[in-house]
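> Everything below, folded, please.
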Amino acid sequence: MLLLEKIKRPRMLRSSYDITVFQTPKYGQEKGYQEVYRITIEANNHEEALYETFRIFNVPDLMPDDYNGRYIATRDIIFIDEGRRGHFYYRLQPNGWKRVNRILIH
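Take a look at the predicted model:
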């Protein structure tokens with residue numbers, strides 16, 4: 001489906017999203033999120049940006065060399081910064097990405 005979207009929508013209409021990955025020091029914690037990595041991704045919408053981010057950080061060959069976090073897993077948070085158009089937080093749940101209002105960072 002994503003491939004079809006890329007074909008339908010010209011590349012010049014795609015947006016660049018500023019993505020920040022937040023993880024807790026230990027897997028499964030509810031508090032204490034820390035910024036792990038920041039990257040810019042080109043995508044048509046948030047759903048595609050989340051898919052690409054998950055793919056990059058869960059496929060060892062695609063991971064950036066300077067990435068020090070673990071694989072993206074349940075309860076990890078992705079922050080999408082669109083500047084004046086808003087800030088959006090998405091948390092990975094067992095049934096997919098869910099938008100959340102804020103995160104607890106220590």
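
> My guess is residue 38 contacts residue 22. True?
No. Using Cβ atoms under 8 Å, residue 38 makes no contact with residue 22, being 10.3 Å away. All C-beta atoms are positioned from the backbone trio N, CA, C, and that covers glycine.

> In terms of neighbours, single out the busier of those two.
For the pair residue 38 and residue 22, the greater number of neighbours falls to residue 22 (19 against 11), based on other Cβ atoms under 10 Å.

> Spit out the contact partners of that one.
By Cβ atoms under 8 Å, 6 or more residues apart in numbering, residue 22 lies in contact with 33-36, 76-79, 103, 105.

> ok, of those residues, which come out buried?
33, 36, 76-79 (16 or more other Cβ atoms under 10 Å).

> out of the residues you listed, who's nearest residue 95?
Nearest to residue 95 among these, counting by Cβ to Cβ, is residue 76 at 14.8 Å.

> Check whether that closest one really touches residue 93, as I assumed.
No. Applying Cβ under 8 Å as the test, residue 76 and residue 93 come out as separate, 10.4 Å apart.

> for the contacts of residue 22, which one is nearest residue 60?
residue 36 (16.1 Å).

> burial measure for the nearest residue to the closest one once chain neighbours are set aside, as a count.
Once flanking residues are discounted, residue 36 sits nearest to residue 69: 3.7 Å by Cβ to Cβ, 6 or more residues apart in numbering. The number of residues packed near residue 69 is 15, by other Cβ under 10 Å.
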